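1. My questions concern the predicted model and sequence given below.
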Amino acid sequence: MINVTELEKRWIKFKIKSYIPYIVIIFSLLVILILFLTLSFKDVKDTKIKFTKNDIKKVEKTEEKKTKTKIEKETKTKTKHVKPPKIEKKLVLSPSLNFMQDMQNNTVGYYENKDKVIEKKHKIINKNNTHKIKEKEVAKPLPTPKKIKNSSIQIDISKKNAQEDIDQVIKRFKINNNPALSLFVAKKYYELGKYNKAYNYALITNEINSNIEASWIIFTKSLVKLNEKEMAIKTLKTYYKHSHSNTAKILLDEIKTGKFK
Amino acid sequence: MKIIIALLITFSLYADIKQDMFNLYQNKKYEKVCSIGFDNFSRYRKDEDFVSLYAFSCLKSDYIDRLAIPMAILKFSEESRANSAYFSVILMQKKLLYHALIDDYDLSSLNLPTTDYILSKVFDLYAELGQHEKRAFYLFEDKNDKKLTYKLYIQKDAKLSKIVIEEFYDTIALKRHVYW
């Protein structure tokens, strides 16, 4: 009888033995591969480290050279230019318009004489004793207009004239209700710093004719001067929407930014 | 007697012209003042006030070439010398800008004094550009007011090219200046 179990065992042994050379070969190949890979990685790392070290050294050297050359150049330029560095601010020339004041004063001089005559007339009425003498003075031909020496007197005279002019224009305005006259009054009051009155007359002008730009400008400007900035902005905004005026827009921006106070 | 009357008439006429010019100047009618001054210049060239008034009105109405004679005449007082220097800078800047815009003359190396006049402002802004490629127009922003811009370009006519500077405030055109 054939022992089957033993035969099977022997067959398995034989089969395993037949695979051994293949397994060995595969194993050895794997080992070689692993070794090769590990070695190759090591090489790459080493070369990288070496490269970076060299680079750093080179960069350091070049930087040193650059700084040295810069310092040398700077020292050279410093030694060459002993003068202080040039200031880049430009010289700004401005016009001188004093001659215009002189021209204006010449015209004011004429009114000054007129005022003196009026004052003298008042004195005549008050003092009867000196009546004749003063009358003579008045009758004398007036001197030609000359420059006024004292500046403080000049200011008083011009203000008086301005007030008289305004009064006269107001009288004319009451007769014919012309908006040009009320605008003139508003402008004059604004110039004199009487912003309340300027505001009132600009308002009257606007009521008569709402299309006069200058009147709206004076109106809002005087509002700002009367510390009614918000109201000024509101009115100017509505006027700008209606008219698309450039000056109104500019003034509006100036009020908003605080350039116009 | 006749001579005295003639003298009186001439003096009164002179005063009238000067006064008229001054009044017109105050009413901002610069072009008219400039033309009156131009017509009567030879008679009153010795009066520095008259010459200055004429020059400023011409400057404000963009007749810059007319500044050349006042520039040469104004010299007897400190004020007139200052004004003469002021006019000469503006006139020079106009000529240089014209040369640069048409012939590509480089202005970057120049360091000239400046003024408050618009042409000077634009000249400075253009000079700051240095060497550059020619453009159809230049847009400059005012250094003090960002909303204020200037457009600079050359208007080419058949005979003559003209410098045009347009002033804008927040995209609104304010004024157009033409120089040649």
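-> It's in.
2. residues from the stretch 1-150 of chain A in reach of chain B?
-> Proximity of the stretch 1-150 of chain A to chain B is assessed by CB under 8 Å from any CB of the partner chain, with A:90-100, A:102-104, A:107 identified as the residues in range. Placement of C-beta: from N, CA and C, glycine included.
3. Give me the buried entries from the residues you listed.
-> Among these, the ones that count as buried by 16 or more other CB atoms under 10 Å in any protein chain shown are A:93, A:95-96, A:99-100, A:103.
4. Quick check: the residue of chain B nearest chain A.
-> B:Pro113 (3.9 Å; CB to the nearest CB).
5. Distance of that residue relative to B:Met92?
-> Counting by CB to CB, to the nearest Å, the separation of B:Pro113 from B:Met92 is 10 Å.
6. Now the common contact residues for the two.
-> Taking CB atoms under 8 Å, 6 or more residues apart in numbering or on different chains as the contact rule, B:Pro113 and B:Met92 touch no residue in common.
7. Measure how buried A:Gly258 is and give me the count.
-> By the other CB atoms under 10 Å in any protein chain shown criterion, the neighbourhood of A:Gly258 contains 8 residues.
8. May I have the phi/psi pair for it?
-> Recorded main-chain torsions at A:Gly258 are phi 90, psi 10, according to degrees, to the nearest 10.
9. Now do it against A:Glu228, distance only.
-> Where A:Glu228 is concerned, A:Gly258 sits at a distance of 15 Å (CB to CB).
10. Now do the contacts for B:Arg81.
-> In this structure, B:Arg81 makes contact with B:74-75, judged by CB under 8 Å, 6+ apart.
11. any idea which element it lies in?
-> Of the helices and strands defined by DSSP states H and E, B:Arg81 is found in helix B:78-103.
12. same question for the very next helix or strand once past that helix, mean pLDDT?
-> Beyond helix B:78-103 on the C-terminal side, the first helix or strand identified by DSSP H and E is strand B:114-115. Averaged across strand B:114-115, the pLDDT comes to 92.
13. again with stretch B:35-49
-> In this model, stretch B:35-49 has a mean pLDDT of 90.
14. List the buried residues for it?
-> Within stretch B:35-49, the residues scored as buried using 16+ other CB under 10 Å are B:35-37, B:40-41, B:44, B:48-49.
15. I'd like the distance between the closest residue to B:Ile64 other than its chain neighbours and B:Arg66.
-> Using CB to CB, 6 or more residues apart in numbering or on different chains and skipping residues adjacent in sequence, the residue nearest B:Ile64 is B:Lys94, 5.2 Å away. According to CB to CB, B:Lys94 and B:Arg66 sit 12 Å apart.
16. repeat for A:Ile166
-> Taking CB to CB as the criterion, A:Ile166 is separated from B:Arg66 by 38 Å.
17. before we move on, the earlier item: report the distance from the helix holding B:Arg81 to the chain centre.
-> For helix B:78-103, the separation from the chain centroid amounts to 8 Å (computed by CA atoms, centre = their mean, to the nearest Å).
18. So which bits of it are buried?
-> Using 16+ other CB under 10 Å as the test for burial, helix B:78-103 gives B:79-80, B:82-91, B:93-94, B:96-98, B:100-101.
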